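>>> Next input, structure requested:
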Amino acid sequence: MRRRPLTMVAFLIVFSAAVLPIFALADSVNPSEARQLRDEVREMFYHAFDGYMEHAFPLDELRPLTCKGEDTLGGYALTLIDSLDMLALLGDRERFTAAVEWVGKNVRFDIDKTVSVFETTIRILGGLLSAHLIASDYSTGMKIQSYDNELLHLSEDLAQRLLPAFDTPTGIPYGSVNLLHGVDENESKITSTAGGGTLTLEFGVLSRLTNNPIFEQVTKNAVRGIWARRSRINLVGAHINVFTGEWTQKDAGIGTSIDSFYEYLLKAYLLFGEEEYLFMFQEAYKAAMQYLYHDPWYVEVNMNSAITVWPLFNSLQAFWPGLQVLAGDIDPAIRTHAAFFSVWKKYGFTPEGFNLASFGVQNGQKSYPLRPELIESTYWLFKATRNPRYLDAGRDMVTSIQYGARCPCGYCHIADVETHKQDDHMESFFLAETVKYLWLLFDLAVGPDNIVESGPYKYIFSTEGHLLPASPQISLASEHCSYLGAFCRVGQQGYGTPDINVDQQETNDTEHRSWDLSTPHLKLHDSFSTSGFTKGFCPGLTHWQKFGISYSEQDQTQEFDSTNHPQTHPMVIITKQTLKQSVISHQNDSHEIQEPSQDSEKLSSSMDDADEKAINQENMQQD
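Alright, predicted model coming up:
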């Protein structure tokens with residue numbers, strides 16, 4: 001069994017005992033108060049949104065203290081685009097329609113601006129796609145009659161301008177790209193794991209809406225590029241060279257620079273139903289729970305040796321309990337959320353860094369930039385357990401933000417959680433995520449009447465809180481070229497009628513329905529495809545070979561004895577053995593095996609060749 005430093009173990013035991021009963025201190029929120037809190041959060045959104053529209057629009061973001069605006073990303077009304085699906089969620093048809101129409105007519109991306117690939121994808125591309133899917137669909141109740149796919153066209157144009165960033169030997173994209181000229185020759189070759197591995201949802205949805213597989217393929221290759229370079233114990237570092245594949249920062253954790261890499265592995269499986277993402281999530285999650293988890297906290301370790309290098313809670317870790325809810329591992333999520341919330345209670349906010357050894361704010365990391373992650377996990381845990389303690393936590397969060405962060409024209413960053421000094425800045429994610437998850441929390445308690453809880457689809461939230469529906473057009477595209485009577489647009493070749501009934505009018509009941517990963521995905525057929533746009537098998541290959549990723553399971557077994565490092569918590573997900581048995585079963589059932597079509601092989605041949613070269617190079621390096 002892996003040994004932990006005695007001082008760390010003793011501290012964690014003592015501090016865990018101190019924080020776990022924290023929820024017992026407050027009176028529970030009753031139904032009437034929950035309704036009042038929901039309405040208060042709605043007012044919070046409009047105070048910030050109206051402040052932005054009056055004082056900052058069409059600049060990117062609001063400066064809420066001085067009531068001015070500033071361009072922070074690309075100069076294309078960032079906060080408005082990031083807020084579109086929140087307007088729809090609130091049922092504000094008038095302002096949603098006006099905002100969609102303005103964006104469609106006025107936003108352009110043929111501009112000489114160098115932008116973050118990650119931030120542009122999750123905020124702009126995700127915001128446009130979510131609003132498009134809502135505005136173009138009668139079943140959402142927010143269909144805009146005059147809408148003619150303007151946001152989809154903008155999304156495709158933007159994604160095309162981001163594509164040059166992916167032109168690297170590893171497939172992992174540069175961190176930044178110029179929207180007019182591509183990647184600058186002096187652009188840094190170092191990017192974060194989250195930056196390179198948190199693009200699959202937005203690009204995958206765009207591929208399925210436009211029938212252009214390139215967007216999904218490049219982001220899948222980026223994930224493969226990162227995962228193929230994981231350590232022997234299945235941990236990934238924080239920063240990597242996109243040309244050489246060398247890790248330039250080998251600290252492994254669940255927070256800063258890595259967080260949403262884990263998130264998108266699971267969510268890509270839930271949205272697209274592709275087993276490859278589930279397999280990677282399984283392995284990554286087990287490693288995280290084995291080497292990073294010091295119940296109820298998480299630390300950062302060296303990705304190769306698992307030696308603790310940083311006993312720190314950083315605020316971005318707070319998304320993790322919510323992800324665990326989606327994975328079905330709720331018990332540790334409850335304990336970790338209680339620990340994280342105890343930090344909020346101590347300061348009124350969560351600082352960017354909280355040192356677990358000194359039990360104090362980390363120097364240089366005292367700010368709270370209105371982050372949503374702890375609120376997000378609070379929402380998911382309430383949805384999973386319906387325990388009123390999470391409403392109490394939400395009430396405390398609303399109180400802190402209202403009394404500490406409210407400014408004349410919006411809500412301010414907290415520069416120092418110890419003094420509550422305000423900073424003249426309001427990130428767009430405050431409207432896209434922070435107030436969204438608060439509103440969803442209390443609306444769920446009251447009895448929800450919104451498209452997330454009661455709409456026609458199950459929704460997956462992007463890492464920016466944008467709503468991506470598990471609709472047939474998106475979730476079934478990898479399994480059928482036809483759905484609900486429609487035919488495949490590539491070659492007009494269909495594969496028959498889906499053998500499951502899809503009722504677009506089905507609504508989500510208000511009780512929690514967890515994603516049960518112990519059985520195959522609802523929309524997943526008994527096949528493994530190497531691309532979201534191909535169908536069939538590669539007979540004679542293992543599960544890992546089919547996915548084109550360099551797995552070295554045998555080497556890992558020799559170097560690292562798993563019996564000495566047991567997993568801390570079991571996963572309620574498909575086991576690796578189950579996947580192996582499934583593959584063996586398919587290989588035996590040769591009469592069901594279909595070769596990929598020539599068109600499908602051409603579609604991915606160039607990408608597969610690049611993958612093979614990169615994998616061979618990686619194998620040589622490992623040997």
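>>> In this protein, where is pLDDT below threshold?
1-26, 477-623 (pLDDT under 70).
>>> Quick check, central residue of it?
Nearest to the geometric centre of the chain sits T463, at 3.5 Å (Cα atoms, centre = their mean).
>>> For the stretch 251-400 of the chain, which segments count as strands?
251-252, 293-294, 297-298, 300-302, 308-310, 312-314, 353-355, 360-361 (DSSP state E, counting those that start in this stretch).
>>> Turn the ones you listed into JSON lines, including mean neighbour count.
Every residue, glycine included, has its C-beta placed from N, CA and C. Below are the strands of the stretch 251-400 of the chain laid out as JSON lines (neighbours: other Cβ atoms under 10 Å):
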{"stretch": "strand 251-252", "mean neighbour count": "24"}
{"stretch": "strand 293-294", "mean neighbour count": "19"}
{"stretch": "strand 297-298", "mean neighbour count": "24"}
{"stretch": "strand 300-302", "mean neighbour count": "20"}
{"stretch": "strand 308-310", "mean neighbour count": "17"}
{"stretch": "strand 312-314", "mean neighbour count": "22"}
{"stretch": "strand 353-355", "mean neighbour count": "21"}
{"stretch": "strand 360-361", "mean neighbour count": "17"}
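>>> With distance to Q402 as new columns, can these be given to me in a markdown table?
Formatted as a markdown table, those follow (distance: least, Cβ to Cβ, whole Å):
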| stretch | distance to Q402 |
| --- | --- |
| strand 251-252 | 36 |
| strand 293-294 | 34 |
| strand 297-298 | 29 |
| strand 300-302 | 33 |
| strand 308-310 | 33 |
| strand 312-314 | 24 |
| strand 353-355 | 23 |
| strand 360-361 | 22 |
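>>> Now do the helices for the stretch 51-200 of the chain: every range, in order, please.
For the stretch 51-200 of the chain, the helices defined by DSSP state H, counting those that start in this stretch cover 78-89, 93-106, 117-119, 126-135, 150-162, 193-197, 200-210.
>>> Among those, which comes closest to K346?
helix 193-197 (27.0 Å; Cβ to Cβ).
>>> Give me the packing partners of that closest one, helices and strands only.
Helices and strands touching helix 193-197, by 3 or more Cβ pairs under 8 Å, 6 or more residues apart in numbering; DSSP states H and E, are helix 117-119, helix 214-227, strand 239-241, helix 259-272.
>>> Which among those is found nearest to S28?
helix 259-272 (30.3 Å).
>>> Report the distance from the closest one to the chain centre.
6 Å (Cα atoms, centre = their mean, to the nearest Å).
>>> how about that helix as CSV, C-alpha atoms only?
Only the C-alpha atoms of helix 259-272 are listed here, as CSV (Å, rounded to 0.1, in the frame of the first residue of the first chain):
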residue,chain,number,x,y,z
ASP,A,259,-9.3,19.9,-14.6
SER,A,260,-11.6,19.8,-17.7
PHE,A,261,-9.5,17.2,-19.4
TYR,A,262,-11.1,14.7,-17.1
GLU,A,263,-14.5,16.3,-17.4
TYR,A,264,-14.6,16.1,-21.2
LEU,A,265,-13.5,12.4,-21.3
LEU,A,266,-16.7,11.4,-19.4
LYS,A,267,-19.0,14.0,-21.0
ALA,A,268,-17.9,13.1,-24.5
TYR,A,269,-18.9,9.6,-23.8
LEU,A,270,-22.2,10.6,-22.3
LEU,A,271,-23.0,12.9,-25.3
PHE,A,272,-21.6,10.9,-28.2
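>>> Report the buried residues of that helix.
259-272 (16 or more other Cβ atoms under 10 Å).
>>> cool, and stretch 200-216?
By 16+ other Cβ under 10 Å, the buried positions in stretch 200-216 come out as 200-210, 212-216.
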